[in-house]
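Student: Turn this into a structure:
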Amino acid sequence: MIVEQGAFATLFDSLGTELVKLLGKQATEQWKKVGWQKAAAEYRNKMLFLYDTVRVLGKPEPMTLEGLFTDVVILDKPTAFHRFDISQLRADPELLKGEKRQRGLNVVKQIHNNRLFILGKPGAGKTTFLKYLTLQTIKGEIQKIPIFVSLKEWADSKLELMPFMVQQFEICNFPDAQAFIEHILRRGEALVLFDGLDEVQQDGEQRSQLVHVLRNFSKQYLSSQCVITCRIAATDYSFEQFTYVEVADFTKEQIETFVNNWFHNTPKMAENFLTEFDKEAHRGLRELGRIPLLLSLLCLNYEEIQTFPARRIELYEEAIDALLKKWDRLQKIKRDEGYRQLSLGRKRQLFAKVAYDTFSQDEYFIPQNQLIKHIVAFFKTLPPADEDDQDNGEQVLKAIEAQHGIFTERAYQVYSFSHTIFQEYFTAKYIIEEKQRVADLITQRFDDSRWREVFFLVVSALDNADFFFSHFWRVTYSFLRNDAETSRLIQWSNGKANSVETGYKIGAVRSFYLFLARDLASIPDPARDISFARALDLARLCGLDSELAYSLDISYARAIDLDAVLTHSDNLAPDLKIDFLLTITLQASLSFRNVRSNREVSSEKDNFKKYFSEVINQCNLFDESLSELLGDLTIPDHQKEWKVFTERLRSIMQQERNIGYEWNLNRRQIETLNRYLRANVLMVECLKLAAVSDRKAIEDSVLLPPVV
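Tutor: Predicted coordinates for the structure are as follows:
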């Protein structure tokens, strides 16, 4: 980073010259000989050396802050200061987004009382922001002299505050740096940045003594600007003169900026990252990306393999690991744990039990007293060696929030997991501990969309998922036991799929024929559309190519663009192509039968005649007898004649191709079919993430009808 002397050097020079004048006769020859421009350059270069880099978890070398930094957004007051009725939050979580948001640099420039206490979650970028402020002062964006104080380093040094700050100015070769520091502090020309109050241990009253010194310092130098950073829940808000604010999670725009900065040398990789990141399957990753520390992990992973792993659980585990131990280890921070006797494994068990109990009750927002009860109940189950007399659940809760950021206070005494995906992840970890829990998940939750990600995490974590799919098979087939008509439809699709020759998986072909049956179901009902949309999902999931998917979309949209149907069916296997073209023909014929005037028939007849002629030609390439039967049909001139044409066409399709049936499903049966299809979609999605002994056997079971 290149910074010109500019305003910073001018300020440094003027303050130094002023100090020498104030010293008067007390000024030594050494003071008078200080080269202020040189001193400014040396101090500036030291600040650049110390603070123009950031440590990134997983990278052996630090990265340049200027190239990576993304503007910090500040909330006007910490989320824990807001008071909401929990029932309101559960009904409308968007209430939490009503706080005022400002660019961090503007907040620092405009703060009226020169006192700012910045709170943030673990990994939110608090230290990075203070480093950024330091660079802004030497660039002249902030007209101050920066003094950066790592509170942990100061506490470990055993020095008084002023001697510790003096060390930063030693490079300037002042005869007495303390005199210069006190001068700029009294004049209000300093920006003192106290970083990481949460990193100072509480043992031996170390933190309370440090807080006492900071309070006195703040009162002594009222004109100078002070900024303190601390993790949420690691402070008792005891700095009365300070304005408390909070670092906001990254927005979508900030994530995009960060990613583009990270991949600035490979913009195509940044573009690919953001495209894949935006996919529905990566909702959990987008949650993690709102925290800079975790977003850097995602960027680092993508940089190595240039994709996100299908087993997203691996990234979630890495994120949890970073919050529980790696980040503090990298920073060489030893924290005061309110539950120090609890091993890392026990902590994970605690989070898993709380996650499962709350997620099962559909509780995202949890009252503080209720969360404390969960924590205390868990400790009561532990052996004496682990329990460590942990009756103070509130102390444990605050320790978890401050040190790991697994829980966070969303509003006054209202908590949640810091990310929904953490609640889902730990719920899955709880379930996989016992086989019966896995079975109960499938039996009780397969039809609840809220549990989809839990399903994916569970099946990803199983060493062998054979049991998972055998139980899933039994559950899905149970839907059809008492539904003869729906079972008959499933039996037909299976028989039809087995009668044709294609290169597709049998489950995909069953899906294809269920989808073709969609427009011939007898009752108009939204549930029908949903059911057959699921069949389309299955067709794609089972590996049908893009041409077939596009063709199915044409049918599904009911946009009977006959030219498009012909164009986009060319690459289908012959059997599927003929059945698809005939189904579209019948669908078009049914629509003509229902029009009210001959004028409407006439306007579409020529186009249909051309299309039908091409269908006959295509059939002739595949089945001459079928082509002859279709060629004997006469396209009607009048609306009333379409009924006869339609029924003759349907009869040919049924006799020659075993398609074209009208399925008389009632609403209950449609819903049964819908549930059956949803379950099969979920099963196929899970299979893509699972380790199994015989993948083909499970693939072949998709939409397989139950044995009668």
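Student: so what's Glu18 closest to, chain neighbours aside?
Tutor: Distances taken as Cβ to Cβ, 6 or more residues apart in numbering place His183 nearest to Glu18, at 7.5 Å, with adjacent residues excluded. To be clear about C-beta, it is placed using only N, CA and C from the backbone, and glycine gets the same treatment.
Student: On the pLDDT front, check that neighbour for me.
Tutor: Note on His183: pLDDT of 92.
Student: Make sure it is actually in contact with Thr17.
Tutor: No. With contacts counted by Cβ atoms under 8 Å, His183 stays clear of Thr17, the gap being 11.0 Å.
Student: Please identify which of the two sits among more neighbours.
Tutor: Of the pair His183 and Thr17, His183 is the one with more neighbours under other Cβ atoms under 10 Å, namely 17 against 12.
Student: That one and Trp31, how far apart?
Tutor: His183 sits 11 Å away from Trp31, going by Cβ to Cβ, to the nearest Å.
Student: which residues are common contacts for the two?
Tutor: When contacts are counted by Cβ atoms under 8 Å, 6 or more residues apart in numbering, His183 and Trp31 are jointly contacted by Leu19.
Student: Return the list of helices and strands in contact with the one helix or strand Leu185 maps to.
Tutor: Taking DSSP states H and E as the definition, Leu185 sits inside helix 177-187. If you count contacts as 3 or more Cβ pairs under 8 Å, 6 or more residues apart in numbering; DSSP states H and E, helix 177-187 packs onto helix 6-23, helix 161-169, strand 190-195.
Student: let's see 6 Å
Tutor: The contact analysis (3 or more Cβ pairs under 6 Å, 6 or more residues apart in numbering; DSSP states H and E) places helix 177-187 against helix 161-169.
Student: Please identify the buried residues of the helix it packs on?
Tutor: For helix 161-169, the buried set under the neighbour-count rule, 16 or more other Cβ atoms under 10 Å, comprises Leu161, Phe164, Met165, Val166, Gln168, Phe169.
Student: Can I get it in PDB, CA atoms only?
Tutor: What follows is helix 161-169, C-alpha atoms only, in PDB (Å, rounded to 0.1, in the frame of the first residue of the first chain):
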ATOM      1  CA  LEU A 161      -1.200   2.000  29.500                       C
ATOM      2  CA  MET A 162       1.000   5.000  28.700                       C
ATOM      3  CA  PRO A 163       4.300   3.200  28.500                       C
ATOM      4  CA  PHE A 164       2.700   0.600  26.300                       C
ATOM      5  CA  MET A 165       1.500   3.300  23.900                       C
ATOM      6  CA  VAL A 166       4.900   4.900  24.000                       C
ATOM      7  CA  GLN A 167       6.400   1.800  22.400                       C
ATOM      8  CA  GLN A 168       4.500   2.500  19.200                       C
ATOM      9  CA  PHE A 169       6.200   5.900  18.800                       C
END
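Student: Burial check on Arg287, number of neighbours?
Tutor: Quick fix: residue 287 reads Glu, not Arg. Look at Glu287: counted by other Cβ under 10 Å, it has 19 neighbours.
Student: Then Gln306?
Tutor: When counting by other Cβ under 10 Å, one arrives at 12 neighbours for Gln306.
Student: Test my guess that Leu68 contacts Asn261.
Tutor: Yes. Between Leu68 and Asn261 there is a contact under Cβ atoms under 6 Å: 5.1 Å.
Student: one step back: return the closest of the buried residues of helix 161-169 with respect to Leu462.
Tutor: Using Cβ to Cβ, Phe164 comes nearest to Leu462 of the buried residues of helix 161-169, at 53.3 Å.
Student: and that closest one, what does it touch?
Tutor: Neighbouring residues of Phe164 by Cβ atoms under 6 Å, 6 or more residues apart in numbering: Trp154, Ser157.
Student: And it, how far from Ala691?
Tutor: Taken as Cβ to Cβ, the spacing of Phe164 relative to Ala691 amounts to 55 Å.
Student: Return the residues in contact with Ser627.
Tutor: Contacts for Ser627 (Cβ under 6 Å, 6+ apart) come out as Ile616, Cys619, Asn620.
Student: Let's see if you can find the most crowded of the residues you listed.
Tutor: Neighbour counts for the contacts of Ser627 (other Cβ under 10 Å) peak at Cys619, which has 24 neighbours.
Student: contacting residues for that one?
Tutor: Shown in contact with Cys619 (Cβ under 6 Å, 6+ apart): Ile578, Leu626, Ser627.
Student: Dump the residues you listed to TSV, plus pLDDT, distance to Ala402 and secondary structure.
Tutor: Shown next, in TSV, are those (pLDDT from 0 to 100; distance: Cβ to Cβ, whole Å; DSSP: H, G, I helix; E, B strand; the rest coil):
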residue	pLDDT	distance to Ala402	secondary structure
Ile578	90	67	helix
Leu626	91	74	helix
Ser627	91	77	helix
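Student: Nearest to Leu682, out of those: which one, please.
Tutor: Leu682 lies nearest to Ile578 out of the contacts of Cys619, by Cβ to Cβ, at 31.9 Å.
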